[in-house]
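Peer 1: model this:
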Amino acid sequence: MKSTLPAMHVIWHFLLFVLTVVFLLTMIRAGLALWQFSAVDEADALVALFVQGLRFDLALVGIICFVPIVLGSLMSVVDSLRGVAKFIITLFLVSGLVLILILECITPWFIDTQGIRPDLSTLQNLSSPVSLVKGVVTEHPIPAGVAILLSVLIVIAFWARMELARFLRYRLSVPAGLVSAVLGGALCLLFIWSPIALDRKLPLGPGDALISVNTTVNELAMNSTYKFLHSIVLPFFQ
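Peer 2: Reported below is the predicted structural model:
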C-alpha cells in the first residue's frame, strides 16, 4: 500500500505564504505610515489604518490562494496528478509573492508623485515604464538597491522554506484533500468578502479603505497588489 500524506502537508505551505505576506505587508505599511506620519496623525487614523490594512492583506491572500488550495488539494489525491498540483501551488504562491514585492517596491514613487497606490490605469498611463524604473534607480540608487536586494532575499528564503524536494512526494489521502480544499476554499472566500457587517453582499473593495478625508491615508490602508488586481477584475462587473 502506497503512503499518503495528511492535510497539513499542503496546508502548511499556504500558512507559510499567509504569514509571510501579512508580515511583509504590515511592515511595509508601517514604513509608509512612518513616512507619511503627519498625514496619518492629523487624520487620527493610525489604528484604523492597520485594522483595515489587515483586512485588505487577508483579502489578497484569499485571491491568490483560492485556486491553488482548491484545485491543488483535489488534484493532490490522484497520484498521477501530484506533479501538476505541485506546479500549480508553487506557481501561484511564488508568482504572487513576486508580484506583491514588485508593486510594493514602486508604490513609494506613486505615493510621492501622485498620492495614490498604483493600479492598472496608472500603470497604463506611464509613457515608458522602463524609463521610469531606470530614472528611479538613478535618482535613488541606495533605496532602490536595498529594496531589490531585500525582495530577492525574501523570494529565495520563501522558496527554500517550501522544501519543494519533499513537497507532495506522495499523494494526499482523499479525506485530507477534501478537508484542505473545502476548509481552505471557505477561508479564502471569507477573507475576500471580509464580512465585518453580516449583511455584506460584495467583496472587499477600495471603498472600504475610506478611513479619512485624506486620500493618501486611505491609500495606505490598502495594499498595491489588491488594488491592482481589483482594477483588472472590476470592468467585468460593470
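Peer 1: residues in contact with the worst-scoring helix or strand of the chain on mean pLDDT: which ones?
Peer 2: With mean pLDDT, DSSP states H and E as the measure, the helix or strand of the chain carrying the lowest mean pLDDT is helix 129-139 (a mean of 73). Contacts to helix 129-139, defined as Cβ atoms under 8 Å, 6 or more residues apart in numbering, come from residues 106, 109, 123, 126, 144-145. Heads up, the C-betas are built off the backbone N, CA and C, glycines and all.
Peer 1: so which of the residues you listed belong to helices?
Peer 2: Within the contacts of helix 129-139, residues falling in helices by DSSP state H are 106, 109, 123, 144-145.
Peer 1: top of those residues by neighbour count?
Peer 2: Comparing the ones in helices among the contacts of helix 129-139 by number of neighbours (other Cβ atoms under 10 Å), Ile106 comes first, having 19 neighbours.
Peer 1: hang on, isn't it packed against Pro118?
Peer 2: Yes - the pair Ile106 / Pro118 is scored as a contact, 6.2 Å apart, by Cβ atoms under 8 Å.
Peer 1: could the contacts of helix 129-139 be laid out in CSV, adding pLDDT and distance to Phe87?
Peer 2: What follows is the contacts of helix 129-139, written out as CSV (pLDDT from 0 to 100; distance: Cβ to Cβ, whole Å):
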residue, pLDDT, distance to Phe87
Ile106, 89, 28
Trp109, 87, 34
Leu123, 85, 28
Leu126, 76, 33
Ala144, 82, 32
Gly145, 87, 33
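Peer 1: need the residues you listed in CSV with distance to Val21, can you?
Peer 2: Below are these laid out as CSV (distance: Cβ to Cβ, whole Å):
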residue, distance to Val21
Ile106, 17
Trp109, 22
Leu123, 21
Leu126, 26
Ala144, 22
Gly145, 23
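Peer 1: and the ones in helices among the contacts of helix 129-139, which two are the farthest apart?
Peer 2: By the measure Cβ to Cβ, the ones in helices among the contacts of helix 129-139 have their two most distant members at Leu123 and Gly145, which lie 22.6 Å apart.
Peer 1: which residues of the protein score low on pLDDT?
Peer 2: Applying pLDDT under 70 to the chain flags residues 1-2, 129, 131, 135, 195-201, 234-238.
Peer 1: hey, where'd the strands end up in it?
Peer 2: Using DSSP state E, the strands of the chain run over 4-5, 171-172.
Peer 1: most tightly packed of these?
Peer 2: Compared across the strands of the chain, strand 171-172 shows the largest average neighbour count, a mean of 24 (mean count of other Cβ atoms under 10 Å).
Peer 1: which other residues reach that strand?
Peer 2: 2, 4-7, 9-10, 73, 76-79, 82, 180.
Peer 1: please redo it, this time with the cut-off set to 6 Å
Peer 2: Residues from elsewhere that reach strand 171-172, judged by Cβ atoms under 6 Å, 6 or more residues apart in numbering: 4-5, 76-77, 79, 82.
Peer 1: and Phe158, how far from Leu93?
Peer 2: Per Cβ to Cβ, to the nearest Å, Phe158 is found 8 Å from Leu93.
Peer 1: ugh, wrong one, I meant Leu202
Peer 2: 27 Å.
Peer 1: the two: which has the busier surroundings?
Peer 2: A count of neighbours by other Cβ under 10 Å puts Leu93 above the other of Leu202 and Leu93, at 24 against 9.
Peer 1: now stretch 162-181 - C-alpha only, PDB.
Peer 2: Extracted as PDB, the C-alpha positions of stretch 162-181 are listed here (Å, rounded to 0.1, in the frame of the first residue of the first chain):
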ATOM      1  CA  MET A 162       8.700  25.500   0.800                       C
ATOM      2  CA  GLU A 163      11.100  22.500   0.600                       C
ATOM      3  CA  LEU A 164      10.000  21.500  -2.800                       C
ATOM      4  CA  ALA A 165      12.100  18.400  -2.900                       C
ATOM      5  CA  ARG A 166       9.800  16.900  -0.200                       C
ATOM      6  CA  PHE A 167       6.600  18.700  -1.200                       C
ATOM      7  CA  LEU A 168       3.900  16.200  -2.400                       C
ATOM      8  CA  ARG A 169       6.400  13.300  -2.600                       C
ATOM      9  CA  TYR A 170       3.400  11.100  -2.000                       C
ATOM     10  CA  ARG A 171      -0.300  11.900  -2.800                       C
ATOM     11  CA  LEU A 172      -2.700  13.300  -0.200                       C
ATOM     12  CA  SER A 173      -5.300  10.900   1.200                       C
ATOM     13  CA  VAL A 174      -8.800  11.500  -0.100                       C
ATOM     14  CA  PRO A 175     -10.200  12.800   3.200                       C
ATOM     15  CA  ALA A 176      -7.100  15.100   3.600                       C
ATOM     16  CA  GLY A 177      -7.600  16.500   0.100                       C
ATOM     17  CA  LEU A 178     -11.200  17.200   0.600                       C
ATOM     18  CA  VAL A 179     -10.700  18.800   4.000                       C
ATOM     19  CA  SER A 180      -7.900  21.000   2.600                       C
ATOM     20  CA  ALA A 181     -10.000  22.000  -0.500                       C
END
